[in-house]
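Engineer: Generate a structure from the sequence data that follows.
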Amino acid sequence: MGVVTDREKAIRSKCTCYQIGPTRQPEDLLCFSPGIVGTLNNDQDVLFCKNKEVKTPTPAMKERLDKFQAAIDAAQERYAEKHDEWWWTIVGEELAKRGIEA
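Structural biologist: Okay, the predicted model is just below:
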C-alpha cells in the first residue's frame, strides 16, 4: 500500500505500471504514481490509475520480483509456525537470503 502524500497530484498524474501477472487487472500490476510513495495496492490502483502506462518488467526487475515473492512466501510459512517473531524481521531475513537488501 502506497502512502498518499499529494492526493490531487496522484489523481491528475499518469501511473506507471509493470505487468507482473497474466492480466492487466490491478492484482496483476505493480503500479507507481506521482503523489504516492511506494507501490499502490489494488484499491489505490482503481482509485488513482485511471490513466496508466503498462510496461513489461525488465529481466532484472522480473528476477528481483520473483526473489521478493519467494521471500514473502517463505516468511509467511515461518510466521505461521511461530508468531513470536516480528513479521518484518522474518521478511528481512528471507530477502537477505535471496540477495535483496531491505
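Engineer: For residue 40, see how far away residue 49 is.
Structural biologist: For residue 49, the distance to residue 40 equals 7 Å [CB to CB, to the nearest Å]. Every C-beta, even on glycine, is put in place using the N, C-alpha and C of the backbone.
Engineer: Can you pull the residues that touch both of these two?
Structural biologist: Here residue 49 and residue 40 have 15, 31, 33 as joint contacts, going by CB atoms under 8 Å, 6 or more residues apart in numbering.
Engineer: Nearest to residue 2 among those?
Structural biologist: Minimum distance to residue 2 across those is 7.3 Å, recorded for residue 33 (CB to CB).
Engineer: residue contacts, the closest one?
Structural biologist: Residue 33 neighbours (CB under 8 Å, 6+ apart): 2, 10, 13-16, 40, 44, 48-49.
Engineer: Try it again at 6 Å.
Structural biologist: Shown in contact with residue 33 (CB atoms under 6 Å, 6 or more residues apart in numbering): 10, 13, 15, 48.
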